[in-house]
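A.B. asks: mind looking at a prediction? Sequence and model below.
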Number of protein chains: 2
Amino acid sequence: MAKSKDNKKATSDQRVSKAVVSRLSLYLRELSRLERAGIETTSSTKLGEMLGFSDAQVRKDLANFGQFGYPGVGYRCSELIATIRQIMGTDQKWPVALVGVGNLGRALLGYRGFSNQGFNTVAAFDLDPKIVGTEIEGIPVFSLENVDKIVKEKSIQLAILAVPAAAAQEVAERLVEAGIRGFLNFAAVTLRLPDDVTVIGVDLAIEMEQLSFAMTSRMS
Amino acid sequence: MAKSKDNKKATSDQRVSKAVVSRLSLYLRELSRLERAGIETTSSTKLGEMLGFSDAQVRKDLANFGQFGYPGVGYRCSELIATIRQIMGTDQKWPVALVGVGNLGRALLGYRGFSNQGFNTVAAFDLDPKIVGTEIEGIPVFSLENVDKIVKEKSIQLAILAVPAAAAQEVAERLVEAGIRGFLNFAAVTLRLPDDVTVIGVDLAIEMEQLSFAMTSRMS
């Protein structure tokens, strides 16, 4: 099948920008909404309108990965959802570890938005003996000392890092040794890890600074 | 002073990209770390090394806003910190409202990283009569029905929106009526608000998808 070959080629292209991948996530979100509403087809114009993008932007983004529309029909929602999931890697299940069960860690354990996309938090790790051995939001909390064993048992490759900034580098190195290959990092530090490890940083203070920058720019 | 005039001009330039502003936040983080360690000057090379960027990148980003280095000295940390804070608008205090005190909302109330940058959460809003009238993490929880009065009393312009996706658009419109002009939106929907309102979206599922995309790209 020429199409899936094209997709394969495209997903291995590291040059696709973060902005494109973010927009793919948004297309996926809107397409899922349409599908739940019983709407079977859509167009680049309609998708763009829902998100405030031009139809050309939608077509250009999708063209990075192949040819998906049908003349006179537009996009078939269920088909485009399946294709974007395949491109994003969310057509598979990703067992995830949550490391650091403080305030933010607890909230993330209770966050339902991940599992819809195939991200299943299967283990939490902390050092606090008061919570190690318990379950929070139905997820078992293990001691960080047992991380090698648990990561292997549960085939975990992704970790959500919600430890204090001062501990983050050391804990991340420990997790890489245990086999973790990708991090969603909430700690306010830039992790220095081997090149084959992916780190996506989520620094809420930085997001707030984006907001104050935009507000300040408007006012000046 | 030519310099501050240059800065003023630059901060009102909407064309500075989100990526540049994100990197400014990272420079600020590293400069603050240096300052705390008693280090008074640094260079584009050292700043870049700490973050994995080239020295040219650092110089190019800062050049958007003026001329900050000294020949033979480099950057004076405290001065560059003050300048970046001025550019970002974090040299002032921003009273912030947290709207939606569920799991994530509670974690955000307990998050200490905001206040360091001048973002002070001064009021929380919810509909649940069990928590309205209480304090969580020292922050008073008000009924959304009183939002007009409280937003005016406390001069709040920014809101962190942590309500369920289905309620987000309606609640956001209500907040805009009350005087909110900027949102950090954690709800997994694209808000449609007037053009003079700034929305920064933080969708954790999208961040996870970035991670799975990167992992999938590496493996294919």
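C.D. replies: Noted; the coordinates are in hand.
A.B. asks: next, the buried residues of the lengthiest helix in chain A.
C.D. replies: Counting by DSSP state H, the longest helix found in chain A is helix A:18-36. Buried residues in helix A:18-36, counted by 16 or more other CB atoms under 10 Å in any protein chain shown: A:20-32, A:34-35. Every C-beta, even on glycine, is put in place using the N, C-alpha and C of the backbone.
A.B. asks: can you tell me which helices and strands the strand ranked longest in chain A packs against?
C.D. replies: Longest strand of chain A, by residue count under DSSP state E: strand A:119-126. Under the contact criterion of 3 or more CB pairs under 8 Å, 6 or more residues apart in numbering or on different chains; DSSP states H and E, strand A:119-126 touches strand A:94-99, helix A:103-110, strand A:139-143, helix A:147-153, helix B:204-219.
A.B. asks: care to break chain A down by domain?
C.D. replies: A:2-88, A:94-206 (automatic domain parsing).
A.B. asks: from the chain's centroid, how far away is the first one?
C.D. replies: Centroid separation between domain A:2-88 and its chain, computed with CA atoms, centre = their mean, to the nearest Å, is 17 Å.
A.B. asks: can you pull the contacts of residue A:147?
C.D. replies: By CB atoms under 8 Å, 6 or more residues apart in numbering or on different chains, the contact set of residue A:147 is A:97, A:125, A:174, A:175, A:178.
A.B. asks: mind checking pLDDT for it?
C.D. replies: Among the per-residue scores, residue A:147 holds a pLDDT of 97.
A.B. asks: circling back to that earlier point, most tightly packed of the helices and strands packed on strand A:119-126?
C.D. replies: Of the helices and strands packed on strand A:119-126, the one with the most neighbours on average (mean count of other CB atoms under 10 Å in any protein chain shown) is strand A:94-99, at a mean of 24.
A.B. asks: now residue A:194. Nearest residue, chain neighbours left out?
C.D. replies: residue A:176 (6.6 Å; CB to CB, 6 or more residues apart in numbering or on different chains).
A.B. asks: ditto for residue A:24
C.D. replies: Leaving out its chain neighbours, the residue that sits closest to residue A:24 by CB to CB, 6+ apart is residue A:84, at 5.4 Å.
A.B. asks: my guess is that neighbour meets residue A:26, correct?
C.D. replies: No. Shown here, residue A:84 and residue A:26 do not form a contact pair, counting by CB atoms under 8 Å, at 10.2 Å.
A.B. asks: one step back: which elements pack onto the host helix or strand of the residue nearest to residue A:194?
C.D. replies: Under the criterion of DSSP states H and E, residue A:176 resides in helix A:165-178. Contacts defined by 3+ CB pairs under 8 Å, 6+ apart place helix A:165-178 against strand A:94-99, helix A:147-153, strand A:158-161, strand A:182-185.
A.B. asks: quick one: contacts for residue A:35?
C.D. replies: Applying CB under 8 Å, 6+ apart, we find residue A:35 in contact with A:77, A:78, A:81.
A.B. asks: highest neighbour count among those residues?
C.D. replies: Highest neighbour count within the contacts of residue A:35, by other CB atoms under 10 Å in any protein chain shown: residue A:77, with 22 neighbours.
A.B. asks: alright, that wraps it up for me.
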